[in-house]
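Asker: build me a model from this:
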Amino acid sequence: MSKIDRFEDLDCWKKSRELVNLIFDICENQMKNKDFSTQDQIKRAALSTMNNIAEGFGRYSNKEFIRFLEYSAASSMEIRSMLYILSDRKYIDEIEFEKCYQLTNDLTNTTLGLIRYLKT
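Answerer: Prediction:
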């Protein structure tokens, strides 16, 4: 892996940014005027995936970076769990569920791959 100078160049950060925008779109379009606490929680979890990657990158220590990447991966799993709530409550359809689920899965796998790399 070549040297990364900016967190914006990390694939996991790019995927988390995509996820944030997808979650915000769902909240603004499918959940408008509904279940504000769930909207707030899933938005905060999405933001956490993205911001923890950036914050960990800024710690300039692999050990610290790994810790924040683990937080990001955990937030991605929280979103995955919350997707079932959105689906069960009929806030999103099966297509949106699958799209979000796949993106959270890709994000988690990419983040865990970076963690494995940093540990070697």
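
Asker: now for the strand or helix carrying L86, which elements pack on it?
Answerer: With elements taken from DSSP states H and E, the one containing L86 is helix 62-88. Judged by 3 or more C-beta pairs under 8 Å, 6 or more residues apart in numbering; DSSP states H and E, the packing partners of helix 62-88 are helix 11-29, helix 36-57, helix 94-119. C-beta: built from backbone N, CA, C; applies to glycine.

Asker: tell me the secondary structure at K32.
Answerer: coil (DSSP: H, G, I helix; E, B strand; the rest coil).

Asker: now do it against E94, distance only.
Answerer: 20 Å (C-beta to C-beta, to the nearest Å).

Asker: how long is stretch 84-96 end to end?
Answerer: Across stretch 84-96, the straight-line distance between its terminal residues is 11 Å, by C-alpha to C-alpha, to the nearest Å.

Asker: report the buried residues of the helix holding L86.
Answerer: 65-66, 68-69, 71-73, 75-76, 78-80, 82-83, 86-87 (16 or more other C-beta atoms under 10 Å).

Asker: what's the closest non-adjacent residue to C27?
Answerer: Leaving out its chain neighbours, the residue that sits closest to C27 by C-beta to C-beta, 6 or more residues apart in numbering is Q39, at 4.5 Å.

Asker: low-confidence stretches in the protein?
Answerer: In the prediction, the chain carries residues with pLDDT under 70 at positions 1-2.
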